[in-house]
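Peer 1: Provide a 3D model corresponding to the input given below.
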Amino acid sequence: MMFPDFISGLITTLGKGLNMRIVLVYDQLGEAGGAKKLIATLARGLEDRGYTVDIYTSYYRSGKTWGWFDDLSVKPLFDDQPTLLEIIEGFADLDLSKYDCLITSGQGAKMVALKNRVTLHYEHSPLPRHLEHVISEEGIDIFKERDSVATSKLPSIITNSNFTKKGIKEYYGASCPPVKVVYPPVDPVRFEPTNGSYYLSVQRIAPYKRVNDQVEAFRKLDDNLFVIGSLAIGFEDYCLDLISKAPDNVKFLGGVSEEKKHQMLAGCLAFVTTSEESFGIAPVEAMMYSKPVYAADRGGFRETVVHGKTGLLLQEPYDAKLVDGIREYPPYLFDQETCRKRGMLFNKDRFVERMYFFLEQTFSGIN
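Peer 2: Down below sits the predicted model:
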């Protein structure tokens, strides 16, 4: 495989011995999601370069992660889903000294820095969202105290967008390590794009995803909306109520396979999202399939969707603005090739190359 010049010149340090053992540590692999795909992509990218890679996680469900890790070495700490405090304790006590290079990702996994020297840390958000739903007030205090100590031991933080970078720097203040941005990996297209007759939305179903705004918007539109996503744990009653009250032109498909998701992306008219995401992989996947994106003007969407070129960035109220946007700027007004090229900027090869660059750079600095 050919590398850019700036990568080729740096392979020497990490390439001194392809017997180097690398360990990736991530919070949990109990469900599919963009952060999990990032770990699988990075592990395979390093294995392709000849390294031995193990993945430590709190717990693992192969059937729930679309087979991403089936051919990788995964070492779960627990047989069943642990509490957040159990995850913190499990990672804090983990001895990984036998590995030459340690990469962590996620707030729980970061706790291994309390006893181990971390080479690189990839963070997806400044702090886990909605902690109050999964941990007590006392537990939150314990978590924040340990998180502060663990963060202070990191040589640097890699994160998924400038939006998240700003949040991390604001949260940790003067004690924050250097923060750099590497956009997450997006898979190549699997199907030939077609001009379908429906809009598509992909996310977990929860109040903070604002799927209700999508439902209310399409209540006023004649078009069909298909919603892909499993019910978020802890919000089952909300989700079931939302689904039961949806109009006939809004269909909830639940969690689907990765293959089915790509098939739906290839055949939709356009992609719709009203949440706030640190990055947001699904809209980028849609653009790779030459589809425009109607997204809330928030978070990482401001870095991926080019307003007026590859979609629209919507102001509040999102339900009303989504209706106006689709009526005034329907999908056929957006150039498909422009959308495709924008999506291709976030391909997984570029992600692996950038991560390898920072890994080599950081590894050189701490050895």
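Peer 1: assign Thr104 to helix, strand or coil.
Peer 2: Under DSSP: H, G, I helix; E, B strand; the rest coil, Thr104 falls in the strand class.
Peer 1: what about it, how many residues nearby?
Peer 2: The number of residues packed near Thr104 is 29, by other C-beta atoms under 10 Å. For glycine as for every other residue, the C-beta is placed from the backbone atoms N, C-alpha and C.
Peer 1: and the pLDDT at the closest residue to Ile22 other than its chain neighbours?
Peer 2: Leaving out its chain neighbours, the residue that sits closest to Ile22 by C-beta to C-beta, 6 or more residues apart in numbering is Cys101, at 4.5 Å. Cys101 is assigned a pLDDT of 93 by the prediction.
Peer 1: numbering from 811 from now on, please.
Peer 2: Renumbered: residue one is now 811, and that last one reads Cys911.
Peer 1: in this structure Cys911 contacts Asn829, no?
Peer 2: No: with contacts counted by C-beta atoms under 8 Å, Cys911 stays clear of Asn829, the gap being 11.9 Å.
Peer 1: those two: which is more packed in?
Peer 2: It is Cys911, of Cys911 and Asn829, that has more neighbours when counted by other C-beta under 10 Å, with 23 against 9.
Peer 1: quickly note the distance from that one to Phe953.
Peer 2: Per C-beta to C-beta, to the nearest Å, Cys911 is found 26 Å from Phe953.
Peer 1: got the buried residues for stretch 867-881?
Peer 2: Of the residues in stretch 867-881, Thr867, Ser868, Tyr869, Tyr870, Thr875, Trp876, Trp878, Phe879 count as buried by neighbour count, 16 or more other C-beta atoms under 10 Å.
Peer 1: can you dump the C-alpha atoms of that stretch in CSV for me?
Peer 2: Output in CSV follows, covering the C-alpha atoms of stretch 867-881 (Å, rounded to 0.1, in the frame of the first residue of the first chain):
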residue,chain,number,x,y,z
THR,A,867,-13.3,-3.8,26.6
SER,A,868,-15.7,-4.0,29.5
TYR,A,869,-18.1,-6.4,27.8
TYR,A,870,-18.6,-7.7,24.2
ARG,A,871,-21.6,-8.9,22.2
SER,A,872,-20.6,-10.2,18.8
GLY,A,873,-24.1,-10.5,17.6
LYS,A,874,-24.9,-6.8,18.4
THR,A,875,-21.9,-5.3,16.6
TRP,A,876,-22.6,-6.4,13.0
GLY,A,877,-19.5,-8.8,12.9
TRP,A,878,-17.0,-5.9,13.0
PHE,A,879,-14.9,-7.6,15.6
ASP,A,880,-15.4,-11.3,14.7
ASP,A,881,-11.8,-11.7,13.3
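Peer 1: what segments of the stretch 1061-1177 of the chain are helices?
Peer 2: For the stretch 1061-1177 of the chain, applying DSSP state H, counting those that start in this stretch gives helices covering 1068-1077, 1091-1098, 1111-1114, 1128-1138, 1146-1154, 1158-1176.
Peer 1: turn these into a markdown table, including distance to Pro892 and mean pLDDT.
Peer 2: A markdown table is the format used below for the helices of the stretch 1061-1177 of the chain (distance: least, C-beta to C-beta, whole Å; pLDDT from 0 to 100):
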| stretch | distance to Pro892 | mean pLDDT |
| --- | --- | --- |
| helix 1068-1077 | 26 | 95 |
| helix 1091-1098 | 26 | 96 |
| helix 1111-1114 | 32 | 97 |
| helix 1128-1138 | 35 | 98 |
| helix 1146-1154 | 36 | 97 |
| helix 1158-1176 | 28 | 82 |
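Peer 1: name the stretch among those that sits most buried.
Peer 2: Highest mean neighbour count of those: helix 1091-1098, a mean of 26 (counted as mean count of other C-beta atoms under 10 Å).
Peer 1: can you name every helix or strand that that one contacts?
Peer 2: Taking 3 or more C-beta pairs under 8 Å, 6 or more residues apart in numbering; DSSP states H and E as contact, the helices and strands that helix 1091-1098 lies on are helix 844-858, helix 1068-1077, strand 1080-1083, strand 1103-1106, helix 1111-1114, helix 1146-1154.
Peer 1: show me what the fourth one pairs with in its sheet, parallel or antiparallel.
Peer 2: Paired with strand 1103-1106 in the same sheet, following DSSP bridges, are strand 1080-1083 (parallel), strand 1121-1124 (parallel).
Peer 1: just those strands: most buried one?
Peer 2: The highest mean neighbour count among the strands paired with strand 1103-1106, using mean count of other C-beta under 10 Å, belongs to strand 1080-1083: a mean of 28.
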